[in-house]
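Engineer: When you get a sec, could you give me coordinates for this:
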Amino acid sequence: MNRFFLAFAGFFGLTGIIFGSLSSHALTHVLTNDQLDIFRLGIQYQMYHTLALFAVAVWLNHQKNLFLTIAGWLFAFGILFFSGTMYCITYFDLPNIGTAPIGGCSFILGWLLLIIAACKYD
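Structural biologist: Numbering: from 1, shown residues only. Predicted coordinates:
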């Protein structure tokens, strides 16, 4: 499982950097300032949780733990749903269909499970 999480972390890190570069250069002429703020919020949360996902993968390399595994999946789903929603709202001018809160809840649950895993670690 840690290989999947490392691959996801690599992919999300790569796309986060690409999207960050786009938001600083190419998209400044396409999106409004408010849209850029929303887009950059998606990037910010993507990068934070990419690092968390990477840490979960490294931790899983040393200790197999169900709480860690579920936390990793929740971080990945959170990136897809929260950040993905931010990108779609701004770049594709799609309406907010309420998927961002699903991603936000995934992030929260992922962090909670990380705390539980840390408390159960021996």
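
Engineer: and Ser23, how many neighbours does it have?
Structural biologist: 21 (other C-beta atoms under 10 Å). Where you see a C-beta, it was placed from the backbone N, CA and C, and this is true even at glycine.

Engineer: just Ile17 next, same as before
Structural biologist: If you count neighbours by other C-beta under 10 Å, Ile17 ends up with 14.

Engineer: Buried ones in the worst-scoring helix or strand of the chain on mean pLDDT, by neighbour count?
Structural biologist: Every helix and strand of the chain was ranked by mean pLDDT, DSSP states H and E. The lowest is helix 84-91, at a mean of 89. Of the residues in helix 84-91, Gly84, Thr85, Met86, Tyr87, Cys88, Ile89, Thr90, Tyr91 count as buried by neighbour count, 16 or more other C-beta atoms under 10 Å.

Engineer: host element of Leu109?
Structural biologist: For Leu109, the element it lies in under DSSP states H and E is helix 100-120.
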